[in-house]
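In: Make a model of this:
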Amino acid sequence: MRSELEKINKDEMFQVPRNYFKDLPGRIMKSVETDEESSAMLKNSWLRIRPVLLIAASVIGFIFISFVGIKFLLGDRKINTISNNEAIEYVDFYASDFDETLLIESIDELEDLDQKISVQSEIIIDYLINEGIDDLTLYNAF
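Out: Numbering: from 1, shown residues only. Purely as a prediction, here's the structure:
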């Protein structure tokens, strides 16, 4: 093994280029300046793009919130309809529950309700007349 080591050339195998250490600070400063320039350009471009991105995000957010709000307010407003056949089947099935007395009582209740509404309307009209309030005053109030 010793003989193999002796065969290796003892001259310097690695050489530094001329003026490497002398020019090194200048090359470092030049590299730092170019990095600063590129970062300044990137920062300037970001400052120009940022307002546009903020506006775009605001518009998208507004559209999303509007869509969700409208969807929530409208909801699924499907009108439940039944066919004539289903209505006939329902009436036939529950026909035994209805009799003439039930229908007469329902009609009497509706008549009583109509009478109550007409009496209340007359009371309101009398009050308005006694207070000297006419149609024009009511119209202007609303």
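
In: rest of the way, CA atoms for contacts and neighbours
Out: Noted.

In: Just give the number of residues close to Val51.
Out: Heads up, residue 51 is Pro, not Val. Pro51: 11 surrounding residues under other C-alpha atoms under 10 Å.

In: ah, wrong one, I meant Leu128
Out: 14.

In: show me the contacts for it.
Out: Under the criterion of C-alpha atoms under 8 Å, 6 or more residues apart in numbering, the contact list for Leu128 reads Asp134.

In: host element of it?
Out: helix 100-130 (DSSP states H and E).

In: chain center to that helix: distance?
Out: 48 Å (C-alpha atoms, centre = their mean, to the nearest Å).

In: ditto for stretch 43-63
Out: Taking C-alpha atoms, centre = their mean, one finds stretch 43-63 lying 18 Å from the centre of the chain it belongs to.

In: Would you mind listing the buried residues in stretch 111-129?
Out: Within stretch 111-129, no residue counts as buried by 16 or more other C-alpha atoms under 10 Å.

In: my bad, should have said stretch 56-65
Out: Using 16+ other C-alpha under 10 Å, none of the residues of stretch 56-65 count as buried.

In: I'd like the distance between Ile124 and Leu110.
Out: Distance of Ile124 to Leu110, computed by C-alpha to C-alpha, to the nearest Å: 21 Å.

In: and what of Asn140?
Out: According to C-alpha to C-alpha, Asn140 stands 34 Å off from Leu110.

In: quick one, which of those two is more surrounded?
Out: Under the criterion of other C-alpha under 10 Å, the comparison of Asn140 against Leu110 puts Leu110 first, with 12 against 7.

In: For that one, give its distance to Ile123.
Out: According to C-alpha to C-alpha, Leu110 and Ile123 sit 20 Å apart.

In: Can you name the next helix or strand after the lengthiest helix in the chain?
Out: Longest helix in the chain by number of residues (criterion: DSSP state H): helix 20-74. The element immediately downstream of helix 20-74 (helix or strand, assigned by DSSP H and E) is helix 84-94.

In: so for that following helix, what's the average pLDDT?
Out: The pLDDT scores in helix 84-94 average 78.

In: Spell out which helix or strand contains the residue of the chain most remote from its centre, please.
Out: Largest separation from the mean C-alpha position in the chain: Ser3, at 82.5 Å (C-alpha atoms, centre = their mean). Here Ser3, judged by DSSP H and E, is contained in helix 2-7.
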